[in-house]
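# structure for this input, please:
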Amino acid sequence: MVDEQDQNPEEQDTELSQQPAESEDWQAKAAEYESGWKRALADLDNYRKDVEKRQGEMVQFLKANTVSKFLDIYDDLERALKFVTEEKAKEGLMDVQKKFRELLSAEGFEQIDLEPGTEFDPAMAEAISYEENEVGEGKVIETVERGLKFGDRVVKPAKVRVGK
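Take a look at the predicted model:
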């Protein structure tokens with residue numbers, strides 16, 4: 001075993017000068033690992049947010065898909081109300097329709113009912129006829145069947161008559 005005092009002074013200087021270089025290498029590696037770790041944490045956080053967003057979109061899609069299956073029944077209720085003459089029966093149908101409308105509203109659905117004279121928007125409505133009318137070209141004459149939207153998504157477009 002060689003005692004430090006027995007070493008040549010030049011060798012001692014060389015050994016001491018190598019220690020800071022090794023220390024700097026380790027510090028650089030530690031900084032590199034820390035940087036990689038922080039990137040991995042950020043990636044994981046972004047992944048979690050993306051999964052939550054996709055799950056929310058899936059829930060909205062499933063909800064809209066489920067409700068769209070009931071819309072024909074709702075439209076039938078609307079039509080039945082026009083032809084019922086007995087007051088008690090009409091009141092009963094109106095109660096069912098009101099409950100249905102409240103349920104849709106509570107779940108975040110909005111009816112699309114375009115007023116006469118508004119600009120026809122093919123993203124919100126389906127034109128079932130184009131007719132000469134005083135309302136004007138490209139304007140809604142009448143909403144024949146209300147549509148339904150959920151957030152920004154149109155679940156069922158309104159059916160309208162459009163002026164030409």
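
# how is the chain partitioned into domains?
Using automatic domain parsing, the domain parsing of the chain gives 15-67, 70-107, 110-164.

# tell me the most buried of the ones you listed?
With neighbours taken as mean count of other C-beta atoms under 10 Å, the domains of the chain reach their highest mean count in domain 110-164, at a mean of 16. The C-beta positions use only the backbone N, C-alpha and C, and glycine is treated the same way.

# and it, how far apart are its ends?
28 Å (C-alpha to C-alpha, to the nearest Å).

# in what helix or strand does R101 lie?
helix 87-106 (DSSP states H and E).

# neighbouring strands of the next helix-or-strand element following that helix in the sheet, and parallel or not?
Next helix or strand after helix 87-106 toward the C-terminus (DSSP H and E): strand 109-112. Paired strands of strand 109-112, with direction, are strand 147-150 (antiparallel) (DSSP bridges).

# contacts for the strand it pairs with?
With C-beta atoms under 8 Å, 6 or more residues apart in numbering as the test, strand 147-150 has contacts from 60, 63-64, 67-68, 71, 104, 108-113, 124-125, 154-159.

# average model confidence for stretch 67-84?
For stretch 67-84, mean pLDDT is 79.

# now swap in stretch 88-96 and tell me
In the prediction, stretch 88-96 has an average pLDDT of 82.

# what do you get for stretch 121-141?
Stretch 121-141 shows a mean pLDDT of 91 in the predicted model.

# and the residue most central in space within the chain, what does it touch?
In the chain, the residue lying closest to the centroid (C-alpha atoms, centre = their mean) is E57, at 4.7 Å. Shown in contact with E57 (C-beta under 8 Å, 6+ apart): no residues.

# mind checking pLDDT for it?
87.

# now R48: phi and psi?
Note on R48: backbone dihedrals following degrees, to the nearest 10 are phi -60, psi -50.

# now swap in V135 and tell me
The phi/psi pair for V135 (degrees, to the nearest 10) is phi -70, psi -40.

# ok, what's across the strand from the spatially closest residue to it that is not a sequence neighbour?
Leaving aside its sequence neighbours, V135 sits nearest to G163 (C-beta to C-beta, 6 or more residues apart in numbering; 4.5 Å). Here G163 sits in beta bridges with E131, as judged by DSSP bridges.

# having no further points to raise, I will conclude here.
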